[in-house]
Structure formats: structure tokens, C-alpha cells
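> Build me a model:
(one chain, ligands or ions: 1)
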Amino acid sequence: MYFSVCLCLVICILYLWLRYKLSYWERRGAPSLPVNFFSSELKWLVMKQSRFQYFKDIYDQLAPHKYGGYSVMPLKMMVRDPEIIKFVLTKEFESFSSREKLFFTKSDPLTHFIFNLEGNEWKDTRARLTPGFSSGKLKYMFDLIAECADEMDKSLHINEDRQLVDVCKVLRLYVMNVIFTCTYGLKVNSMKNGCDIFLKMAGLIRGDNEINRKLANFSFIFPSAIRHYIRPSTFGEYSRDFFKGIIMDSIKYREENDIKRNDFLQIFMTLMKAEDEFKWTIDKTLAHGILYIMAGFSTTTSAVSFLLYEMAKHPDMQKKVHKELDEIMEEFDGTLNYECVSNTNYLNKVISETMRKYSVISSFSRRCTSTCTLPDGFVVEKGTAVVVSVSGLHHDPAYYPDPLKFDPERFNEENKNARHPYCFLPFGAGPRYCIGERFSMLMIKAATFTILKKFSVSVLPEHEIEFDFMPNKLTTEVPSIKLQFTHRQRTTDIQ
Ligand code: HEM
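This next block holds a predicted model:
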């Protein structure tokens with residue numbers, strides 16, 4: 001009897017506490033979506049829905065509000081209005097300089113990479129990594145990228161016209177080759193070996209098996225303080241040891257043979273030797289070596305794959321790209337170099353429209369580190385995650401009428417100037433925007449030049465992709481895109 005009364009009391013208190021917690025947004029007077037204990041993240045967590053769709057749905061459901069809450073445990077709100085997004089990312093950066101830590105455990109030094117860092121540690125790390133992505137450094141690095149593009153070209157073996165090629169597969173190998181070459185100074189020869197060990201290990205970075213990945217994702221629903229303790233494992237053990245081994249061996253080899261290269265590893269090695277109070281340890285080198293693969297691999301692969309797909313669907317636009325590439329290549333004697341890719345105009349618009357339509361990274365966030373007041377007077381409490389829905393913004397008909405239509409002219413000067421710049425955020429914005437943007441642009445352009453320089457691409461109706469992206473992925477992805485490749489004559493030769 002006594003036990004039953006106690007149990008009832010505990011249940012009642014728990015119920016009242018839950019109700020109080022769940023009414024957070026209502027009590028604060030902010031618009032919100034109906035929230036439940038497990039938060040709306042459950043859909044994405046059980047991996048039935050792509051992140052693209054998940055974040056677009058929340059953005060659409062919160063319309064017409066400028067922002068609104070959608071989760072209470074942990075506290076999450078989405079900002080929809082470009083001016084408020086700018087306020088959070090730029091003007092009030094000091095209060096929003098951290099982000100939700102997606103892959104972080106206190107005990108694992110390999111998760112202490114820039115993406116997860118906060119405060120001065122982030123500032124110091126960003127300042128040390130930024131020079132590695134300067135125009136000067138990337139100009140040197142472009143030769144390495146061009147070499148990988150050339151290997152991709154040789155590996156294509158197109159013997160007959162209208163040959164079917166899975167562009168995702170080809171580009172995965174190419175991007176893997178570039179990242180390995182530029183990060184570790186290692187030729188992985190993935191173009192020759194096909195689906196080799198490097199590709200497999202990169203695929204396993206976020207967990208060795210499906211169950212582990214699901215468990216890791218499920219832990220996101222808990223507040224970050226609890227997450228540190230319940231998280232099963234941040235990286236797949238095999239792939240983590242594999243990459244660790246490669247980096248250690250490369251460092252040893254370079255030191256023993258006094259080798260210096262224009263790549264990221266060289267930058268890390270210089271940082272390790274620097275005699276300042278900021279210690280760049282071997283763990284930091286390992287962590288960032290792994291981060292560059294995680295950040296650059298599927299993002300860049302998807303971007304070029306979707307770009308080629310849109311070119312296949314729009315022969316008129318493809319012709320314009322062909323013409324531009326032919327003229328540039330003629331000017332530079334047919335050699336792909338840094339100047340070639342810096343001189344594009346129409347291709348820039350095609351890339352931007354691809355990044356808009358497919359929003360390869362469909363959301364990013366900031367965590368409020370000190371309570372802050374939005375311009376309309378709403379107070380964002382410390383600890384709240386503030387999420388930006390990239391797919392939502394990029395598909396908002398108010399900014400991009402007929403959003404499913406592929407139209408590069410949305411990015412001509414006139415249209416660009418007529419829009420708020422914070423309506424287009426494929427690489428984020430503010431001091432924490434993507435550090436690898438220019439590097440990935442070079443990869444995207446080198447691959448596009450190399451393929452479209454020689455070929456026309458087309459798509460058969462049965463190979464058209466639905467606007468239905470893979471669940472279970474952090475980036476916007478489809479498993480394969482099959483395009484027909486046909487040798488073409490250069491437009492500058494057709495007079
Ligand atoms: C198409 C390719 C890529 C896309 C769409 C992309 C997109 C993004 C986005 C949206 C963010 C969050 C920005 C923010 O919070 O404001 C980000 C952060 C980041 N990206 Fe990329 N990225 C790409 C390629 C790369 C590459 C190739 C690298 C490195 C080799 C890279 C390294 C990073 C890093 C280190 C951060 C964290 C920066 C910080 O916290 O200071 N990304 N990226």
C-alpha cells in the first residue's frame with residue numbers, strides 16, 4: 001500500500017514536471033511546433049527521413065514566423081528570417097560562437113577538431129588552420145587536384161558513345177584521391193583499384209556497423225552533458241586505427257627523408273614544431289586529418305554528381321558550360337590550371353544553383369553560450385541550440401520562386417543583389433563558415449572541367465532520380481546517378 005502511494009506520487013510528480021518542461025516555448029511566448037518527450041528529431045533519428053526533408057519540413061511548418069521552437073529536450077529553435085540568421089551568425093557571434101557537438105566525447109582526443117571546439121580554443125585553431133586554405137596555398141595545391149582529375153579522366157575508358165557511367169561512383173574515387181593527396185600526401189590510386197580499402201574505411205568513419213551508427217545517432221536526443229557518457233563510440237574503431245596509422249607513417253617518412261610538400265599534413269607538421277604557447281599536438285593532427293575526410297568527402301562528391309545530373313537534364317545549359325570551358329581551355333592551351341578554374345562565369349552560376357537546389361549540408365547550428373536578446377526582444381536562453389535550415393531557406397518560394405526548377409540565372413548579378421545574402425547559405429556564414437569552401441570549389445571545378453571538356457552527358461528516363469534523398473546520412477546523397485557519356489567536338493572547333 002505504502003509502495004503504491006509512493007509510486008503514484010512519483011508518477012504524478014514526473015508527469016507534472018514533464019508537462020512543465022514540454023510547455024517551455026509556450027511559457028516563453030515563442031511560436032513552436034507541438035513537442036513531445038522524444039522531440040521531433042525521432043523521425044531523423046530512426047532514419048526514415050533524409051535530413052534534407054526533415055529540416056525543410058520544420059522550416060515550412062514554422063512559417064510564417066521568423067523563428068520558433070521545435071524541441072525542448074534538448075532545447076532547440078529554428079531561425080527562419082535572414083536578418084535574424086545574420087544577427088545570430090555574425091552580429092551576435094560572441095553569444096553564438098559554439099555549435100551543437102555532433103561527434104564529441106570528452107575522453108576521445110580525436111574528436112577535438114575545430115568543428116567541435118569552443119571559445120579561445122576554436123579561435124586559436126581556426127587562426128592556425130586558415131592559412132592552409134589561402135589562395136596562395138590552394139594555388140599550389142591545385143596541381144595535385146589537377147593530377148587526380150587527370151587520373152579520373154584516364155580511368156573513364158569510354159569506348160562507345162552513350163556509355164552508361166555511375167557518376168557518384170567515379171566521383172567518390174576522385175574526391176577520395178584528392179583529399180588523401182592533399183591531406184596526407186598519399187596517392188591512394190583509388191581510380192586504379194576501384195572500390196579499395198581507403199573508400200571503405202572512409203565510409204566506416206562514423207561507425208563500423210549499422211547498429212553502432214544508429215545508437216550513436218540516437219544519443220543526439222539527450223542533452224549534451226548526458227550524451228558524453230552514453231555515446232557508444234564516435235568513430236568506427238577499424239577506420240580510426242587505419243587513418244591514425246597512415247598519418248603516423250607519413251609523418252615518420254617525411255621526417256626521416258626530409259620531405260616537404262604543399263599539403264595539409266605539411267601545415268600540421270609545421271604547427272607541431274612551432275614554439276608558441278598554443279600546443280598543436282599529434283592528436284590534433286590526427287583529429288584534423290580525419291575531419292577533412294569527413295567534411296569534404298561526401299559533400300563534394302554529391303555536389304559534382306548533382307551538377308552533372310542537372311547538366312544531363314538541361315542540354316541547353318550544358319551547351320553554355322561547354323562553350324565557356326572550351327573558350328577558357330583554348331586561352332590556356334588546353335592545360336587545366338588554377339587560372340582556368342578562376343575564370344569561369346556561367347559555371348559559377350550552375351554551381352550555385354546546384355548548391356541551392358540540393359543543399360548538400362541541409363542544416364547547421366549554433367549553441368547560445370550567453371543569454372542573448374533577439375532584435376524583436378525575445379530572449380534566447382543560454383544552452384539553446386539555434387538551427388538554420390539550409391534546405392528550407394533554399395526551397396522557400398518567397399526567395400526562389402518555383403524552387404524545384406533548376407535555373408542558374410537565379411544567380412546572375414541582378415537577381416543575387418535583389419535577394420538577402422543570408423537566403424543562400426550552402427557553406428554557412430559568419431566567422432564559423434566552412435573553412436574548406438574554396439578547396440571544395442576547386443575540386444568541383446576541376447572535375448567538371450575534366451568531364452565536360454570531353455563529353456556530353458545525358459540521362460535516360462529510367463535513370464532519372466527522384467527528389468528523395470538517402471536517410472541515414474549527414475549529407476544530401478543518392479546511392480547512384482547513371483548518366484550516358486558521349487564524346488563531343490569542342491565548340492571552338494565548330495565554326
Ligand atoms: C561541397 C562541399 C562542402 C559543403 C557544402 C560544406 C558545408 C559546410 C557547412 C554548411 C558548414 C557549417 C558552417 C557554419 O556553421 O556556418 C561547414 C563547416 C566546416 N567545413 Fe565544410 N563543406 C564542404 C566541404 C568542406 C571541405 C572540403 C572541408 C575541408 C577539407 C571542409 C571543412 C569544414 C570545417 C573544418 C568546418 C568547421 C569550421 C569551423 O567550425 O570553424 N568542408 N561546411
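
> where does Gln484 fall, phi/psi-wise?
Here is the backbone geometry of Gln484 (degrees, to the nearest 10): phi -90, psi 130.

> Lys91 - how many residues pack around it?
Counted with other C-beta atoms under 10 Å, residues neighbouring Lys91 total 14. To be clear about C-beta, it is placed using only N, CA and C from the backbone, and glycine gets the same treatment.

> now do the one 3 residues further on
Neighbours of Glu94 under the rule other C-beta under 10 Å: 11.

> The closest residue to Glu94 other than its chain neighbours: what secondary structure?
Spatial nearest neighbour of Glu94, chain neighbours left out: Ser370 (7.6 Å); criterion: C-beta to C-beta, 6 or more residues apart in numbering. Of the three states, Ser370 takes coil under DSSP: H, G, I helix; E, B strand; the rest coil.

> quick one: Ser370 and Lys382 touch, right?
Yes: counting by C-beta atoms under 8 Å, Lys382 is a contact partner of Ser370 at 5.9 Å.

> is it fair to say Phe485 lies in a strand?
Yes: according to three-state DSSP, Phe485 belongs to a strand.

> Was I right to think it contacts Glu160?
No: the criterion here is C-beta under 8 Å, and Phe485 misses it with Glu160 at 9.5 Å.

> who has more neighbours, these two?
More neighbours surround Phe485 than the other of Phe485 and Glu160, with 23 against 8 (other C-beta under 10 Å).

> What's the local residue count around the residue nearest to the more buried one when sequence neighbours are not counted?
Sequence neighbours aside, Phe455 is the residue nearest to Phe485 in space, at 4.6 Å (criterion: C-beta to C-beta, 6+ apart). Neighbourhood size, Phe455 [other C-beta under 10 Å]: 22.

> What's the first helix or strand after the helix of greatest length in the chain?
Counting residues, the longest helix found in the chain (DSSP state H) is helix 282-313. Counting by DSSP states H and E, the next helix or strand C-terminal to helix 282-313 is helix 315-331.

> Pull the contacting residues for the residue in the stretch 251-400 of the chain that the ligand sits nearest to.
Residue of the stretch 251-400 of the chain nearest the ligand, by C-beta to the nearest ligand atom: Gly296 (2.7 Å). Gly296 makes contacts with 175, 179, 436, 439-440, 443, as judged by C-beta atoms under 8 Å, 6 or more residues apart in numbering.

> For the residues you listed, give me a markdown table that also has distance to the ligand, pLDDT and neighbour count.
Converted to a markdown table, these look like this (distance: C-beta to the nearest ligand atom, whole Å; pLDDT from 0 to 100; neighbours: other C-beta atoms under 10 Å):
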| residue | distance to the ligand | pLDDT | neighbour count |
| --- | --- | --- | --- |
| Val175 | 9 | 93 | 30 |
| Ile179 | 7 | 90 | 29 |
| Gly436 | 2 | 96 | 19 |
| Phe439 | 5 | 97 | 25 |
| Ser440 | 4 | 97 | 22 |
| Met443 | 7 | 98 | 27 |
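
> among those residues, which are in helices?
Within the contacts of Gly296, residues falling in helices by DSSP H are 175, 179, 439-440, 443.

> Widest-spaced pair of those?
Val175 and Phe439 (11.1 Å; C-beta to C-beta).

> Return the residues of the stretch 151-300 of the chain in contact with the ligand.
Counting by C-beta under 6 Å from any ligand atom, the stretch 151-300 of the chain comes close to the ligand at 291-292, 295-296, 299-300.

> got any ranges where the protein has weak pLDDT?
36-47, 102-107, 187-236, 492-495 (pLDDT under 70).

> quick one: the strands in it?
Ranges of strands within the chain are 67-72, 75-79, 163-166, 363-367, 372-373, 379-380, 385-389, 455-458, 482-487, based on DSSP state E.

> The last one: which residues count as buried?
Read that as strand 482-487. 482-485 (16 or more other C-beta atoms under 10 Å).

> With distance to the ligand as extra columns, can I get those residues in a markdown table?
Below are the buried residues of strand 482-487 laid out as a markdown table (distance: C-beta to the nearest ligand atom, whole Å):
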| residue | distance to the ligand |
| --- | --- |
| Lys482 | 22 |
| Leu483 | 19 |
| Gln484 | 25 |
| Phe485 | 23 |
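
> For Lys48, which non-adjacent residue is closest in space?
Nearest to Lys48 is Pro471, by C-beta to C-beta, 6+ apart, at 5.8 Å.

> Isn't that neighbour up against Ser50?
Yes: between Pro471 and Ser50 a contact is recorded at 5.4 Å, counting by C-beta under 8 Å.

> on that earlier part again, and the residue nearest to Glu94, how far from Lys123?
Note on Ser370: its distance to Lys123, by C-beta to C-beta, to the nearest Å, is 16 Å.

> Next: Ala30.
31 Å.

> now swap in Thr285 and tell me
Applying C-beta to C-beta, the value for Thr285 to Lys123 is 19 Å.

> what about those two, which has more around it?
Comparing Thr285 with Lys123 by other C-beta under 10 Å, the one with more neighbours is Thr285, at 20 against 13.

> residues touching the more buried one, list them.
Each residue near Thr285 by C-beta under 8 Å, 6+ apart is listed here: 247, 251, 265, 268-269, 271-272.
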